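*Asks:* Provided below for reference: sequence and predicted model.
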Amino acid sequence: MSQATTMITSARPAARRGGNLGDALFAGACQAAGAFVLLLLGGIIVELFLGGLPAFRAFGLPFLWSTEWDPVTEVFGAGVSIYGTVVTAVLAILLAVPLAFGVAFTLTELAPPWLRRPVGTAVELLAAVPSIIYGMWGFFLIAPLMAQYVQPALIDSLGELPGIGFLFQGPPFGTGILTAALILAIMILPFIAATMRDVFEQVPPVFKESAYGLGATTWEVMRGVVLPYTRISVAGGIMLGLGRALGETMAVTFVIGNANRITTTLFGPGNTIASVVALEFGESETGSLKLSALLALGFILFVLSFIVLATSRFLLRSRLKA
Amino acid sequence: MSVTSQPALAPVKDLGVAARLGRRRKRVDLIIRSLSLAATGIGLVLLASILITLFVKGFGAMNLSVFTEVTRPPGSDGGLLNAIIGSLIQVALATLVGTPIGMLVGTFLAEYSRGSRFGEVVRFVSDILLSAPSILIGLFVYQLLVLPFGGFSGWAGVAALAIIIIPIVVRTTEDMLSLVPNTLREAVIGLGAPKWKMIVLVSWRSAISGIITGVLLGIARIAGETAPLLFTSLGNNAFSTDLSAPMPSLPITIYSYAGSPFQDWIELAWAGALIITLAVLLLNIGARSLLRSGK
């Protein structure tokens, strides 16, 4: 391919050389920019890994599950933060997916056409609100509401149930794992809803019309035609939301309670990789083992979100090509 | 496909059973439709709640000195002037650095690399960067620019924000360029123009409103970024336009003020939060209407 182009260009008269030089420069610049993006990602991986290397060396593989985090004795482990990261992100997905589905269902099938654009835009604006605003809103408005109403109600209703009751016990502080998951759910809701809406809209109308013609209700068309047709892309959208939830920093830092322990109750405080890095960074000296442990945490977070985001992109590839 | 529930497929002799089944299906449909509408309602209520909270608390704390005074110790009537200026400088420079790079990458993906392996990899990596946790980009720039060059600096903040805006510009540039009809390209090439002229004078020009939309959305995104600045430009309580020193920014100031125990600092944080959210939402709405009018 490239050989053929060179042959053609070299066969052109000398007068066209100015254009050829311009072409070569421009193509080179575009290619270099593309290579630069690869370098960025490579640089992030290498720098985080090298920065975390002293910690990986000092603690070995147990760094991944050790729950200790003691700056005084310089013993660090990622167990609690990995646990907090995964639990808040998964809980956020559980809360956000039904809501996102409802929003996408409304925007594609239920709402009258004139209402779809303004409502869709409003939901998308939720995604534009900066993370730190969610943090303040969560800390000053949602956390007190959780402490006063939601958590006591959950303790009274679900706290007594055998089997899952232990999740809903303990003092209602307002902040904690559950509140963090709730804020995360609100933050990723627009991403999942927008993906679902886009893929629902790609279902050929003929399919839906034939189901309606058989007498199916709106929900039956959704469950029997639209969802089976789009399920892979829907899963991709959910993974995209999960990827966002894993690395969210500011909002979580405000509301998770920031304690390095694993509690069985969802009301308990905890931390995530991102919140630990954001909070402890200022208190770690250059070259200290603690700083290295934080960079190692960053590397782990990068690996986690890379896997999730790559999966999401793999699942969404059919939508990307369409 | 299970469009109808199982029993309905068998011929139903009893009309009463058929009617009951029909009612049941309608009921399920109604319940799920109501729940979906409720979910949308919840989404809208949440947005309204955030905006109302910001307006009530933010306007309560808003006065002229927010814009004319620099940050001061608690109890001495400070403002946010230095933080606002610092944010403007860093966001503007990051946009100036990131936009050309992002546009070139997007152009490469749309005009040069169709079907090539290298292009696929670049597209994949750019999409990963688009959703990668921004705190990690902060840590990366810390390792790359802060540690070796002896300290936190405005330049490091600019670098972190530029890295965040690049993949946003890449995505929109590529999307918008791929909407440009090929016949247009063929016409230009047919006139004997070199490819780079075709791209600059025709492809870019046809896609310009979409690309500007992407840049505006990118600016909206980096204007509110906090986590990457924690490790790069750090923040500064004095008025500073020196990019080689730590530089104040609105998000960082909001972060440290909102977590403080001082009432006047918390109020300033709300004022800052209102400013930043209004700016971000207006940028978003402006970008969207630009795209719609451009179509």
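*Replies:* Looks like it arrived, so ask away.
*Asks:* how about the strands in chain A?
*Replies:* For chain A, applying DSSP state E gives strands covering A:69-70, A:75-76.
*Asks:* wondering if the last one reaches chain B at all.
*Replies:* No. Looking at strand A:75-76 against chain B by CB under 8 Å from any CB of the partner chain, there are no contacts, and the closest approach is 15.9 Å. C-betas here are computed from N, CA, C, even on glycine.
*Asks:* what pLDDT, on average, does that strand get?
*Replies:* Averaging pLDDT along strand A:75-76 yields 90.
*Asks:* also the first one?
*Replies:* Looking at strand A:69-70 alone, the average pLDDT works out to 88.
*Asks:* quick check, residue B:30 in a helix?
*Replies:* Yes. Under DSSP: H, G, I helix; E, B strand; the rest coil, residue B:30 falls within a helix.
*Asks:* now tabulate the strands of chain A in JSON lines and tack on mean neighbour count.
*Replies:* Putting these into JSON lines (neighbours: other CB atoms under 10 Å in any protein chain shown) gives the following:
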{"stretch": "strand A:69-70", "mean neighbour count": "15"}
{"stretch": "strand A:75-76", "mean neighbour count": "19"}
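*Asks:* format these as a markdown table; extra columns: distance to residue B:177.
*Replies:* Shown next, in a markdown table, are the strands of chain A (distance: least, CB to CB, whole Å):
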| stretch | distance to residue B:177 |
| --- | --- |
| strand A:69-70 | 48 |
| strand A:75-76 | 47 |
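*Asks:* whatever residue of the stretch 201-322 of chain A ends up closest to chain B: neighbour count?
*Replies:* Nearest to chain B, among the residues of the stretch 201-322 of chain A, is residue A:247, at 2.3 Å (CB to the nearest CB). A count of neighbours around residue A:247, defined by other CB atoms under 10 Å in any protein chain shown, yields 26.
*Asks:* from what I see, it and residue B:137 are in contact.
*Replies:* No. Between residue A:247 and residue B:137 there is no contact under CB atoms under 8 Å: 10.1 Å.
*Asks:* follow-up on the earlier one: between the strands of chain A, which one is closest to residue B:125.
*Replies:* Nearest of the strands of chain A to residue B:125, taken as CB to CB: strand A:75-76 at 30.6 Å.
*Asks:* run through who's touching that closest one.
*Replies:* By CB atoms under 8 Å, 6 or more residues apart in numbering or on different chains, the surrounding residues in contact with strand A:75-76 are A:55, A:59, A:63, A:66, A:68-70, A:289-290, A:293.
*Asks:* which one (most neighbours) among these?
*Replies:* Sorting the contacts of strand A:75-76 by how many neighbours each has (other CB under 10 Å) puts residue A:293 first, at 29 neighbours.
*Asks:* just the pLDDT for that one.
*Replies:* At residue A:293, the model reports a pLDDT of 93.
*Asks:* that one reaches residue A:57, doesn't it?
*Replies:* No. Residue A:293 lies out of contact with residue A:57 (CB under 8 Å); the separation is 11.2 Å.
*Asks:* identify the residues contacting the residue positioned nearest the centre of chain B.
*Replies:* When CA atoms, centre = their mean is applied to chain B, the residue found nearest the centroid is residue B:221 (2.9 Å). By CB under 8 Å, 6+ apart, the contact list for residue B:221 reads A:128, B:164-165, B:168.
*Asks:* in helices only, show me those residues.
*Replies:* Applying DSSP state H to the contacts of residue B:221, the entries found in helices are A:128, B:164-165, B:168.
*Asks:* quick one, which of these are buried?
*Replies:* Neighbour counting over the ones in helices among the contacts of residue B:221 (16 or more other CB atoms under 10 Å in any protein chain shown) leaves A:128, B:164-165, B:168 as the buried ones.
*Asks:* and of the residues you listed, the nearest to residue B:238?
*Replies:* Using CB to CB, residue B:164 is the member of those that sits closest to residue B:238, with 26.1 Å.
*Asks:* wait, isn't that closest one in contact with residue B:137?
*Replies:* Yes. At 6.0 Å, residue B:164 counts as touching residue B:137 under the criterion of CB under 8 Å.
*Asks:* burial count for the spatially closest residue to residue A:152 that is not a sequence neighbour?
*Replies:* For residue A:152, ignoring the flanking residues on the chain, the nearest one in space by CB to CB, 6 or more residues apart in numbering or on different chains is residue A:172 at 5.6 Å. Residue A:172: 19 surrounding residues under other CB under 10 Å.
*Asks:* which of the contacts of strand A:75-76 fall in helices?
*Replies:* A:55, A:59, A:289-290, A:293.
*Asks:* which of those sit farthest apart?
*Replies:* The span of the ones in helices among the contacts of strand A:75-76, defined through CB to CB, is set by A:59 and A:290 at 12.1 Å.
*Asks:* where does chain A have low pLDDT?
*Replies:* Scanning chain A for pLDDT under 70 picks out A:1-19, A:319-322.
*Asks:* domain parsing for it?
*Replies:* For chain A, the structural domains run A:1-59, A:61-321, going by automatic domain parsing.
*Asks:* measure residue A:66 to chain B for me?
*Replies:* Distance, residue A:66 to chain B, by CB to the nearest CB, to the nearest Å: 21 Å.
*Asks:* show the contacting residues for that residue.
*Replies:* Here residue A:66 is in contact with A:59, A:75-79 (CB under 8 Å, 6+ apart).
*Asks:* host element of the residue nearest to residue B:97 when sequence neighbours are not counted?
*Replies:* Leaving out its chain neighbours, the residue that sits closest to residue B:97 by CB to CB, 6+ apart is residue B:162, at 4.3 Å. Here residue B:162 sits within helix B:154-178, counting by DSSP states H and E.
*Asks:* tell me which helix or strand comes right after that helix.
*Replies:* helix B:182-190.
*Asks:* who's in contact with whatever helix or strand comes next after that next one?
*Replies:* Counting by DSSP H and E, the element after helix B:182-190 in chain order, helix or strand, is helix B:195-197. Residues from elsewhere that reach helix B:195-197, judged by CB under 8 Å, 6+ apart: A:19, A:22-23, A:25-27, B:111, B:188-189.
*Asks:* in helices, which of these fall?
*Replies:* The helices, defined by DSSP H, take in A:19, A:22-23, A:25-27, B:188-189 from these.
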